[in-house]
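K.L.:
following is a predicted model, sequence given first.
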Amino acid sequence: MIDFAESDKQSATWRKMKAYLKELLERRRGELELNKTPEETERLRGRIAELKHLMKMDEDQVIEDLLPPA
């Protein structure tokens, strides 16, 4: 995991990136409403999980995995 300095967390670049990730997340969630095959739905859910993970990179808590334990 990347270790962000406080200045990184408050930077204009990170705010823009996080806004972009949020926009992508909303688009992907909207796509879940469309008629998709089970495989497409699972792939889309994986992308959503990745976007959520990226958006949390500035939090102090380190997230080890995107997937819950089996």
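P.N.:
Good, I have the coordinates. A quick note: this is a predicted structure, and the numbers were derived from the prediction, not measured.

K.L.:
tell me the pLDDT of the residue positioned nearest the centre of the chain.
P.N.:
Nearest residue to the geometric centre of the chain (Cα atoms, centre = their mean): residue 51, 1.7 Å. On pLDDT, residue 51 comes in at 95.

K.L.:
how near is it to residue 43?
P.N.:
With the distance defined as Cβ to Cβ, to the nearest Å, residue 51 ends up 13 Å from residue 43. Glycine gets a C-beta too; all of them are placed from N, C-alpha and C.

K.L.:
biggest helix in this protein by residues?
P.N.:
The longest helix of the chain (DSSP state H) is helix 12-31.

K.L.:
buried stuff in that one?
P.N.:
Across helix 12-31, burial judged by 16 or more other Cβ atoms under 10 Å covers 18, 21, 24, 25, 28.

K.L.:
pull the most distant pair out of those residues.
P.N.:
With Cβ to Cβ as the measure, no two of the buried residues of helix 12-31 lie farther apart than 18 and 28, at 15.4 Å.

K.L.:
re the thing from before, average pLDDT for the longest helix of the chain?
P.N.:
Averaged over helix 12-31, pLDDT sits at 96.
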